[in-house]
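A.B. asks: Quick one, structure for this:
(chains A, B, C and D)
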Protein chains: 4
Amino acid sequence: MSDTTETQGSWLSEEDLATARSRLPIVYVDAVPVRVDDIGTVSHVGLLLRATPDGSINREIVSGRVLYGERVRDALLRHLEKDLGPIALPRIPPTPQPFTVVEYMPNPDITGFFDPRQHAVSLAYVVPVEGDCMPSHDALDLVWLRPDEVMSPTVAAEMSPGHAKVVRHALAHTGRPF
Amino acid sequence: MSDTTETQGSWLSEEDLATARSRLPIVYVDAVPVRVDDIGTVSHVGLLLRATPDGSINREIVSGRVLYGERVRDALLRHLEKDLGPIALPRIPPTPQPFTVVEYMPNPDITGFFDPRQHAVSLAYVVPVEGDCMPSHDALDLVWLRPDEVMSPTVAAEMSPGHAKVVRHALAHTGRPF
Amino acid sequence: MSDTTETQGSWLSEEDLATARSRLPIVYVDAVPVRVDDIGTVSHVGLLLRATPDGSINREIVSGRVLYGERVRDALLRHLEKDLGPIALPRIPPTPQPFTVVEYMPNPDITGFFDPRQHAVSLAYVVPVEGDCMPSHDALDLVWLRPDEVMSPTVAAEMSPGHAKVVRHALAHTGRPF
Amino acid sequence: MSDTTETQGSWLSEEDLATARSRLPIVYVDAVPVRVDDIGTVSHVGLLLRATPDGSINREIVSGRVLYGERVRDALLRHLEKDLGPIALPRIPPTPQPFTVVEYMPNPDITGFFDPRQHAVSLAYVVPVEGDCMPSHDALDLVWLRPDEVMSPTVAAEMSPGHAKVVRHALAHTGRPF
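C.D. replies: I've put the predicted structure just below:
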């Protein structure tokens, strides 16, 4: 998950956010960007490439927190535009029902989803993207992979175990056998 | 639900279809066409106007059966294009998970959803429509109504009780209070 | 929504919680308790009766926040047992996918769901309850109503507008016509 | 999928059913039986053992068609009791919304789910089972496996590719990492 440092937007100082993160579950959204054909079949999954502090490359889905007073759908658009650029034209789903709720925790044994920084309760959505993507923010690139490529061990190994699981579930949710 | 008389497309004669309808549940799709803004909020619901045999006007959602060998998403596109025209640009959902399954039966007491002709098991979806709609087939018109208009007793009275319930559920599913 | 004052359980002082509530969305669960028959058909909905500060009686569903480090399913069980007693035997759903996400906000105009105290993002579930219920905590009573009774204007008028909407959506989700 | 030969129950002769199966999609239910703890966490998945015509052993989930006039929830109970015995006490979900819709087709290339006999549109549910299971019908045994065992290549190899995919998706739907 990318860090969220928009101090103005969050109405919360970095210090206060750190305190809250150690005491409250934080509301997140996870978005799996996809390309679809005219009957909604997923042809490609979009993964962000980021450099990690230790110099390796990591593949990620779009993820970030929901701000105070912000609707889930506003947060989805904000994070998608932040990571995919302003003309990505994401088709935010009309329903707030997520395909799953991912519970990332500092203790990796509780749910199997790990986040050392916080307890995040993340609403996960599959989001078709129709426009041109220009990875902004701190991503190096955005790569579109076919479902079979995404499911390959090589690609999965370049994702966090949590994101790899979310992507596999997202593909199952779209009816793709794996 | 509009009748489905496409004899070639159905690989089933009218007589055989009538026999099957009296003995087997028929697979259907129900689609509630909506206009959405850039964060997926529903601004309008599309209802078809049809003349009934007794001369009154009925409001309907898009509905029709799934053919042998046809995927659910193909059936959704086919019925939406049949009723809304070829450039309606419906955004078929990437997932086959419907927001509900509607069980229409000749006996209205079993599920509360009634179809005198058949037992239809209908997968119901909310489908954003982005293009220009030109009601074709046997519809008189397509009217876009705001959610509060759709929920008004006047409009509901012009729909079959089953379709009115599906539309109310569809709006709840999109997070619209009612 | 019932207030959550379990200071120990929350690992957060009352003051800190108040501060967080003014700055971060809080993760909640909403549970609509139901009685079901052996094929899962809902026969009754359980509503709590509470006295409001102004002396009137309010009907409510089960609702409360998710604590730091607590899984959503643990929070569901904790709030159901707190409100329905220790032998209510709620059948927590096997899936974390909620039927909807309710966004309660201090500004009632944004989502149509209002909470003057906070911005709560609530995962909503229908929970079959099989055991004996003894409303504990601060509820006066628990009343089981048939779906048609729950949908009556009289009963709806005794609920907060938000909870009435959640209950209507829950019934639609279970296939009950209304 | 087990064959359905209940001629009386189906109100359709074997010959007519064969004809219908070659011309119409057939409505099915798939049920993944699970054991859950008191917070709904899946501890075990139940798989049926059947002898195949060629003498090998196959692992299967519960699956069968919906009859004319039968509700989806009635079909779920009927097939679960047929395969798991009369005191299995399945907890049929209160909602008709399936976690996915599986489209089995005679042509395996269309959806990736294969059934040489027919085009089946199957509504898939996870069903907690609380009672004692005595595999009846034509099953040899019912085996309860932990999620990690179910996901092992050995077990997956003993299932049809379609059922293995449905089980993996069912586990993802219950929040189990894999």
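A.B. asks: interface residues of chain A facing chain C?
C.D. replies: Residues of chain A found near chain C, taking CB under 8 Å from any CB of the partner chain as the criterion, are A:11-12, A:16, A:19-20, A:22-27, A:66-72, A:95-101, A:103, A:105-107, A:110-111, A:119, A:121, A:123. Every residue, glycine included, has its C-beta placed from N, CA and C.
A.B. asks: and if we set it to 6 Å?
C.D. replies: A:11-12, A:20, A:23-25, A:27, A:66, A:68-69, A:71, A:96-97, A:100-101, A:103, A:119, A:121 (CB under 6 Å from any CB of the partner chain).
A.B. asks: Show me how to select, in ChimeraX, the buried members of these.
C.D. replies: The following ChimeraX line selects those of these that are buried, judged by 16 or more other CB atoms under 10 Å in any protein chain shown:
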select /A:11,12,20,23,24,25,27,66,68,71,96,97,100,101,103,119,121
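A.B. asks: ok, and of the residues of chain A next to chain C, which contact chain B?
C.D. replies: A:Pro96.
A.B. asks: Just the residues of chain A next to chain C: which are in strands?
C.D. replies: Here DSSP state E is the test, and those give A:Val27, A:Thr100, A:Val101, A:Glu103, A:Val121 as lying in strands.
A.B. asks: mind checking how far A:Pro147 is from A:Ala88?
C.D. replies: 20 Å (CB to CB, to the nearest Å).
A.B. asks: Looking at those two, which is more packed in?
C.D. replies: A:Ala88 (23 against 20; other CB atoms under 10 Å in any protein chain shown).
A.B. asks: Need the phi and psi values for the more buried one.
C.D. replies: phi -70, psi -20 (degrees, to the nearest 10).
A.B. asks: lowest-confidence helix or strand of chain A?
C.D. replies: Confidence across the helices and strands of chain A bottoms out at helix A:7-10, with a mean of 42, counting by mean pLDDT, DSSP states H and E.
A.B. asks: Am I right that A:Glu15 falls within a helix?
C.D. replies: Yes: counting by DSSP: H, G, I helix; E, B strand; the rest coil, A:Glu15 falls inside a helix.
A.B. asks: Would you report the backbone torsion angles of A:Leu140?
C.D. replies: According to degrees, to the nearest 10, A:Leu140 has phi -80, psi -40.
A.B. asks: Can you get me a residue count around it?
C.D. replies: With other CB under 10 Å as criterion, A:Leu140 counts 12.
A.B. asks: Can you tell me, leaving aside adjacent residues, what's nearest to it?
C.D. replies: A:Leu49 (4.5 Å; CB to CB, 6 or more residues apart in numbering or on different chains).
A.B. asks: and the one you found, what does it touch?
C.D. replies: The contact partners of A:Leu49, taken as CB atoms under 6 Å, 6 or more residues apart in numbering or on different chains, are A:Ile57, A:Leu140, A:Asp141.
A.B. asks: What is the most widely separated pair among the ones in strands among the residues of chain A next to chain C?
C.D. replies: A:Val27 and A:Thr100 (14.9 Å; CB to CB).
A.B. asks: Against chain D, how distant is the residue nearest to A:Leu140?
C.D. replies: Going from A:Leu49 to chain D by CB to the nearest CB, to the nearest Å gives 23 Å.
A.B. asks: Equivalent analysis for A:Arg50, please.
C.D. replies: In terms of CB to the nearest CB, A:Arg50 sits 22 Å off from chain D.
A.B. asks: does that residue count as helix, strand or coil?
C.D. replies: Three-state assignment for A:Arg50 (three-state DSSP): strand.
A.B. asks: quick one, phi psi at the nearest residue to it once chain neighbours are set aside?
C.D. replies: Of all residues not flanking A:Arg50 in the chain, A:Asn58 sits nearest, at 5.1 Å (CB to CB, 6+ apart). The phi and psi values for A:Asn58, taken as degrees, to the nearest 10, are phi -120, psi 140.
A.B. asks: I'd like to know how many residues surround A:Asn58.
C.D. replies: Neighbouring residues of A:Asn58 were enumerated by other CB under 10 Å; the total is 16.
A.B. asks: same question, A:Ala51
C.D. replies: Neighbour count of A:Ala51, defined by other CB under 10 Å: 12.
A.B. asks: State whether A:Leu77 and B:Gly40 are indeed in contact, as I suppose.
C.D. replies: No: between A:Leu77 and B:Gly40 there is no contact under CB atoms under 6 Å: 8.4 Å.
A.B. asks: Helices of chain A, start to end?
C.D. replies: A:7-10, A:14-21, A:72-84, A:147-150, A:153-157, A:161-173 (DSSP state H).
A.B. asks: Would you reformat those helices as a markdown table and include distance to A:Val62?
C.D. replies: Shown next, in a markdown table, are the helices of chain A (distance: least, CB to CB, whole Å):
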| stretch | distance to A:Val62 |
| --- | --- |
| helix A:7-10 | 16 |
| helix A:14-21 | 20 |
| helix A:72-84 | 5 |
| helix A:147-150 | 15 |
| helix A:153-157 | 17 |
| helix A:161-173 | 10 |
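A.B. asks: between those helices, which gets the lowest average pLDDT?
C.D. replies: When these are compared by mean pLDDT, helix A:7-10 comes last with a mean of 42.
A.B. asks: that older thread, return the set of residues that bridge with the residue nearest to A:Leu140.
C.D. replies: A:Arg59, A:Asp141 (DSSP bridges).
A.B. asks: can you tell me how far it sits from chain B?
C.D. replies: For A:Leu49 relative to chain B (CB to the nearest CB), the value is 23 Å.
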